[in-house]
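In: Requesting a structural model of the entry that follows:
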Amino acid sequence: MGRTDDAIASFGTVVEMTGGVVGLGYQGLAFATAGRLDDARAVIGRLDAMAKGHYVSPLEYALVHGGLGETEKTLEALERAYADRVSDFARVKLLPWPDAVRAHPRFTALAQRLGAPSS
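Out: Purely as a prediction, here's the structure:
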């Protein structure tokens, strides 16, 4: 089993243990990274379903969209996460964003709003 497969399995355990409250965005990112695009898109559907009953952090969506290479949707979700004051947003520069996201002026502006030095 490769490291991506290990990550998928590990995030699957976390998602199962928390009922999807923790780790779902990361699991979707891992699916996308492994080329399992249908599984990654299914995570978006699961996030949408969960959002009908309670708050779902836009950062979860951003992780999956980032993995899918959907730059515009990733940036939109990141901007919502910032507006919502999502606590995990404080480490946005440390997360595994695609180069197209990291290089985008909107991403740079978001990072600078946090006081993070530009890369």
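
In: Mind telling me what element the closest residue to Val64 other than its chain neighbours is part of?
Out: Nearest residue to Val64 in three dimensions, chain neighbours excluded: Gly28, at 3.4 Å (C-beta to C-beta, 6 or more residues apart in numbering). Yep, even glycine has a C-beta here, placed from its N, CA and C like the rest. Following DSSP states H and E, one finds Gly28 within helix 24-33.

In: same question, Ala77
Out: helix 71-83.

In: That helix vs helix 24-33, what angle?
Out: 160 degrees (axes from the mean of the first three to the mean of the last three C-alpha atoms, to 10 degrees).

In: on that earlier part again, residues of the helix or strand just after the helix holding Gly28 that come out buried?
Out: Later in the chain than helix 24-33, the nearest helix or strand by DSSP H and E is helix 37-51. Going by neighbour count (16 or more other C-beta atoms under 10 Å), the buried part of helix 37-51 is Ala40, Val43, Ile44, Arg46, Leu47, Met50.

In: Make a markdown table from those and add pLDDT and distance to Asp99 to it.
Out: Formatted as a markdown table, the buried residues of helix 37-51 follow (pLDDT from 0 to 100; distance: C-beta to C-beta, whole Å):
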| residue | pLDDT | distance to Asp99 |
| --- | --- | --- |
| Ala40 | 97 | 18 |
| Val43 | 96 | 22 |
| Ile44 | 97 | 22 |
| Arg46 | 94 | 27 |
| Leu47 | 96 | 24 |
| Met50 | 93 | 30 |
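
In: how close does the residue most central in space within the chain sit to Val92?
Out: Nearest to the mean C-alpha position of the chain, by C-alpha atoms, centre = their mean, lies Leu63 at 1.4 Å. Shown here: Leu63 relative to Val92, a distance of 11 Å by C-beta to C-beta, to the nearest Å.

In: cool, and Leu29?
Out: The gap separating Leu29 from Val92 is 14 Å, by C-beta to C-beta.

In: Neighbour count: those two, which is higher?
Out: Between Leu29 and Val92, Leu29 has the larger neighbour count (other C-beta atoms under 10 Å), namely 26 against 20.
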